[in-house]
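In: Sharing a model prediction with you, sequence too.
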Amino acid sequence: MTDPSLHEQFMRLHGESNEEAEEAASMLGHAAEASGDQVIAVSACLLGEKTRYDGRDAHVPDIVDPLLRRRHMRVIPLCPEILGGMGCPRDPVRFVVGDGEALLRGEPARIEDGLGRNWTAPIVLGAKRAERLADLARASLALLKERSPSCGSRSIHGPRGVVPGRGALAARFMHRNLPVASETDTSPLRFSPFCTKL
Ligand code: SF4
């Protein structure tokens, strides 16, 4: 994480206490509202947090650093898989049936690791918790990591490699028309008056 205050925020949001996490998100939302700032939910790994399954990050400074510098823009860092209690490092998981949209619609969907163990419930829990924190922070945009079964907005890891689809959190955001960009396509951020140059 390049920004120490953002790392502290990440730690408060992803600690053991759900109450503390919700309080931190609410404080961010109130502060943003008071100052007229826009809040963007960002996959924590894109910001440099080591939250990926392999204990590494997916930092893309060319995209996130301009966001962090932008006036009237606040960031809430979120990792739904940590919020779902999956830990780090963890086994990589993928959709073997359906995607995040199917989960939302109550259609068949299942997420497994390489040994066939079912991770659907923790993925759904993490997506719900991340959505709740983003709501409390009044997030109106999102920048999420492509291909993740939680964060992918256009592609996800499926049974035989990367396939079109939405992850569990991206589907929830997109279902309510929250603009969702990824590190491979930042065009949805142009809806924001504060991100016109991305
Ligand atoms: S769940 Fe999302 S934020 Fe967490 S490591 Fe995977 S892509 Fe990054």
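Out: Nice, thanks for sending it over.
In: For this structure, which segments count as strands?
Out: Remark: strands assigned in the chain by DSSP state E are 38-43, 73-78, 93-97, 110-113, 139-144, 155-158, 161-164, 180-182.
In: who wins for proximity to Glu22 among those?
Out: With CB to CB, the closest approach to Glu22 among the strands of the chain belongs to strand 73-78: 12.0 Å. Heads up, the C-betas are built off the backbone N, CA and C, glycines and all.
In: Which residue lies nearest the spatial centre of this structure?
Out: The geometric centre of the chain, computed from its C-alpha atoms, lies nearest to Ser43 (CA atoms, centre = their mean), at 3.9 Å.
In: Name whatever forms a beta bridge with it.
Out: In this entry, Ser43 is beta-bridged to Leu78, by DSSP bridges.
In: and the helix or strand bottoming out on mean pLDDT in the chain, how far out from the chain's middle?
Out: Confidence across the helices and strands of the chain bottoms out at helix 61-69, with a mean of 91, counting by mean pLDDT, DSSP states H and E. Its chain's C-alpha centre and that of helix 61-69 lie 16 Å apart, by CA atoms, centre = their mean, to the nearest Å.
In: buried ones in that helix?
Out: Ile63, Val64, Leu67 (16 or more other CB atoms under 10 Å).
In: hang on, the earlier thing: and the strands of the chain as TSV, adding mean pLDDT and distance to the ligand?
Out: Listed next are the strands of the chain as TSV, based on pLDDT from 0 to 100; distance: least, CB to the nearest ligand atom, whole Å:
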stretch	mean pLDDT	distance to the ligand
strand 38-43	97	4
strand 73-78	96	6
strand 93-97	98	10
strand 110-113	98	12
strand 139-144	97	7
strand 155-158	98	10
strand 161-164	98	13
strand 180-182	97	10
